[in-house]
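Participant: Here's my sequence, what's the structure:
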Amino acid sequence: MNYDVVLIAGPTASGKSAAALALARAIGGVVVNADSMQVYAEAPLLTAQPGAADQTSAPHLLYGHIPARRLYSVGRYAEDAAAALAQARAEKRIPIFTGGTGLYFTALTDGLSEIPPVPDDVRDDARALLEKIGVEALHERLASLDPQTASRLRPTDPQRVLRGYEVFAATGTPLTTWQAKTGQPVLAGLRIAKFLIDPPRDILRARIAARFEAMLDSGALDEARALADLDPALPAAKLLGLRPLLALARGEISKDEAVAQAVTATGQFAKRQSTWFRGRMSDYARFDPHESNIITIYSQFTA
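Facilitator: Next comes the predicted model:
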């Protein structure tokens, strides 16, 4: 069977970018980012974006195309992914979407909630209120207006609490109600080969540690310094490793402490990713890149 699109999902540092690149070279494909952190232009090292050599050896799309200080949502990603899909098909290349953001894959295969855009004045007022009263107080206010959405959010998560509050302020309808209404998937009607990289946890942790050390050696601390003034409500403020590196830059912790904190946080994040993937991607073919070759596996799918 021939496929129109390939999806390669996996937790951070699992080797999915390398697998996507190898497959793109083999089949004349184009690698398309499906990771919410790799979209940011100012953090190619911190987000482990493919390097210049990799991007030269096969076409890559949607990497580093968004300023970190701009609000970027899964809805915007769906629009960009649709454009990337159209570009790949116009060039007669098979798009290979790869990344670790589960909601991006949901947008590709299942569709998104059709939430109306929040007017700028409402968003500005919500941000000002967050800065004035803090995230926990804003969560309490959200709970009084929209208890169902508030019950699903951590009171210490400024990005999601702000999103819930501003959607209700703009529409008068709970965010959870909007989320129950689904639009058309980006990849509707296409034949999709789905793969999930699932390496053993000990191997993944070793890869996370080695990669973070390499990031530091390549200049990740300078990237972190340039992002020191990020609004904590912006998605980019959740860049893995950013907080410990900023603490290191301020002289508050040692390099070893920064590495340990970053590796621990990244490992915890990878565990949450793996749990999400296993629960919601049961129709994806799982493989360990240390034991299986993506090109061989894909060939078996298309035979």
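Participant: which non-adjacent residue is nearest residue 168?
Facilitator: Leaving aside its sequence neighbours, residue 168 sits nearest to residue 146 (CB to CB, 6 or more residues apart in numbering; 4.7 Å). From N, CA and C alone the C-beta is placed, and that goes for glycine too.
Participant: That neighbour and residue 164, how far apart?
Facilitator: 6 Å (CB to CB, to the nearest Å).
Participant: Check residue 22 too.
Facilitator: With CB to CB as the criterion, residue 22 and residue 164 are 41 Å apart.
Participant: Please say which of these two ends up with more neighbours.
Facilitator: Here residue 22 and residue 164 are compared on neighbour count by other CB atoms under 10 Å; more neighbours surround residue 164, at 26 against 18.
Participant: and the more buried one, what does it touch?
Facilitator: By CB atoms under 8 Å, 6 or more residues apart in numbering, the residues touching residue 164 are 142, 146, 149-150, 153, 175.
Participant: try residue 14
Facilitator: Per CB under 8 Å, 6+ apart, neighbours of residue 14: 100, 197-199, 204, 207, 270, 289.
Participant: Determine the residues that are contacts of both of residue 146 and residue 164.
Facilitator: By CB under 8 Å, 6+ apart, the residues touching both residue 146 and residue 164 are residue 175.
Participant: Leaving out the residues flanking it, which one is nearest to the residue nearest in space to the middle of the chain?
Facilitator: With distances taken as CA atoms, centre = their mean, residue 36 lies nearest the centre of the chain, 2.5 Å away. Distance criterion CB to CB, 6+ apart; nearest residue to residue 36, sequence neighbours excluded, is residue 101 at 4.3 Å.
Participant: got the buried residues for the helix or strand residue 75 falls within?
Facilitator: Assigned by DSSP states H and E, residue 75 belongs to helix 74-90. Across helix 74-90, burial judged by 16 or more other CB atoms under 10 Å covers 74, 77-78, 80-82, 84-85, 88.
Participant: out of these, which one sits closest to residue 61?
Facilitator: Residue 61 lies nearest to residue 84 out of those, by CB to CB, at 4.4 Å.
Participant: I'd guessed that closest one sits against residue 95; true?
Facilitator: Yes. Between residue 84 and residue 95 there is a contact under CB atoms under 8 Å: 6.6 Å.
Participant: Need the overlap of contacts for these two.
Facilitator: Counting by CB under 8 Å, 6+ apart, the common neighbours of residue 84 and residue 95 are 30, 32, 61.
Participant: re earlier: hmm, the residue nearest to the centre of the chain is touching residue 104, no?
Facilitator: Yes. If you go by CB under 8 Å, residue 36 and residue 104 touch, sitting 6.5 Å apart.
Participant: Mind listing the shared neighbours of these two?
Facilitator: If you check residue 36 and residue 104 against CB under 8 Å, 6+ apart, the residues they both contact are 74, 77.
Participant: burial of residue 220, as a residue count?
Facilitator: Counted with other CB under 10 Å, residue 220 comes out at 23.
Participant: Repeat that for residue 215.
Facilitator: Neighbour tally, residue 215, other CB under 10 Å: 23.
Participant: hang on, it in a strand?
Facilitator: No. If the criterion is DSSP: H, G, I helix; E, B strand; the rest coil, then residue 215 is helix and not within a strand.
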